[in-house]
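Peer 1: one predicted model, sequence on top.
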Amino acid sequence: MTAKQSVFSELPVDLSRDRLPKHVAVIMDGNGRWAKQRGLPRIMGHRRGVDALKDLLRCCKDWGIEALTAYAFSTENWGRPLEEVDFLMTLFERVLRQELREMQAENVKIRFAGNLAALPASLQAEIERSMEETRNNTGTQFTVATNYGGRQEIVQACRAIAQKVQQGQLQPDDIDEALFERYLYTAGDRDPDLLIRTSGEMRISNFLLWQVAYSELYVTDTLWPDFDRSEFHQALCSYQKRDRRFGKVS
Ligand code: FPP
């Protein structure tokens, strides 16, 4: 643990425990720029990005935040140079293998959201194993959006519902928001209360399109590998100042 982390090992006193977000989602942007600024290959940014993610997950546990969802690989990311895609797939697999024991020790329940069938078979096997082995854990729920696209998720839900209608197992009138939600990768999960995006870009980038309908947004210029507990603290301070009205009058 670095000196900076140890200062933040407990919930900072200016945050109210009762008003913490229960579910935080992160768009981890800026790994490539972080590396470029240092004259390093882009993959070094992804490596450091893993360290930032690991500490954020641990911080959620330390501060009592129930769920963390991270956007690791989008359906659009296949368009990156082949070497970078290959590197990321290998990185995910290696991190899962190396961190499983630690996640068990910390009672983390890991889940994945996305079209997993299109991932390399060895990564799919590691994903299955990590979900199976942490299935009964009761601590932080950690969802990794991998080969995830919000539009693709909605389309696959529509297709599954249409098949049920065609087979006579559902009537069109049965389809409401609660039913639709059960066909998403995130079925049964609470929607994110707070969505954080690093590196300054003001967009959603096809992430959790349905689920972020009423999430509070927080964008920081900090690049993902530099996103540490003090940055997270600032995001939570901003969140606690928000008046969440959900379209109603406060
Ligand atoms: C975006 O930065 C980052 C990614 C597409 C990859 C994020 C993945 C990790 C941090 C690894 C997570 C690991 C596990 C096991 C979940 P960018 O490359 O788009 O940065 P740029 O916009 O500066 O080019």
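Peer 2: It's in.

Peer 1: burial measure for R19, as a count.
Peer 2: By other CB atoms under 10 Å, 13 other residues sit near R19. Every residue, glycine included, has its C-beta placed from N, CA and C.

Peer 1: same deal with D221?
Peer 2: Neighbours of D221 (other CB under 10 Å): 10.

Peer 1: got the contact list for the nearest residue to it once chain neighbours are set aside?
Peer 2: Excluding its sequence neighbours, the residue lying closest to D221 (CB to CB, 6 or more residues apart in numbering) is G200, at 4.3 Å. Contact analysis of G200 by CB atoms under 8 Å, 6 or more residues apart in numbering lists G30, V219, T220, D221.

Peer 1: kindly recompute the last result at 10 Å.
Peer 2: By CB atoms under 10 Å, 6 or more residues apart in numbering, G200 lies in contact with D29, G30, R33, V219, T220, D221, T222, L223.

Peer 1: need the phi and psi values for the last one.
Peer 2: Backbone geometry at L223, expressed as degrees, to the nearest 10, gives phi -80, psi 150.

Peer 1: my read: it touches R197, true?
Peer 2: No: counting by CB atoms under 10 Å, R197 is not a contact partner of L223; they are 11.4 Å apart.

Peer 1: one step back: now the buried members of the contacts of G200.
Peer 2: D29, G30, R33, V219, T220, T222, L223 (16 or more other CB atoms under 10 Å).

Peer 1: next step: the contacts of G200 restricted to helices.
Peer 2: Counting by DSSP state H, the part of the contacts of G200 found in helices is R33.

Peer 1: of the contacts of G200, which are in range of the ligand?
Peer 2: Contacts with the ligand are made by D29, G30, R33 out of the contacts of G200, judged by CB under 6 Å from any ligand atom.

Peer 1: for the chain, what lies in contact range of the ligand?
Peer 2: Taking CB under 6 Å from any ligand atom as the measure of proximity, the chain contacts the ligand at 28-33, 46, 49-50, 53, 70, 72, 77, 92, 95, 144.

Peer 1: nearest to L123 among the residues you listed?
Peer 2: The shortest approach to L123 among the residues of the chain next to the ligand belongs to F92, at 5.9 Å (CB to CB).

Peer 1: and that closest one, that one's in a helix?
Peer 2: Yes: the assignment for F92 is a helix, going by DSSP: H, G, I helix; E, B strand; the rest coil.

Peer 1: contact partners for it?
Peer 2: H46, V50, A72, F73, F112, L119, P120, L123, E126, I127, V144, T146.

Peer 1: next: R97.
Peer 2: Going by CB under 10 Å, 6+ apart, the list of residues near R97 reads S122, E126, R129, S130.

Peer 1: and the nearest residue to D14 once chain neighbours are set aside, what does it touch?
Peer 2: In space, D14 comes closest to C237 once its chain neighbours are excluded; the distance is 6.7 Å by CB to CB, 6+ apart. Shown in contact with C237 (CB under 10 Å, 6+ apart): P12, D14, L15, Y218.

Peer 1: picking up where we left off before, need the buried ones from the contacts of R97 selected in PyMOL.
Peer 2: A single PyMOL command is used to select the members of the contacts of R97 judged buried by 16+ other CB under 10 Å:
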select buried, resi 126+130
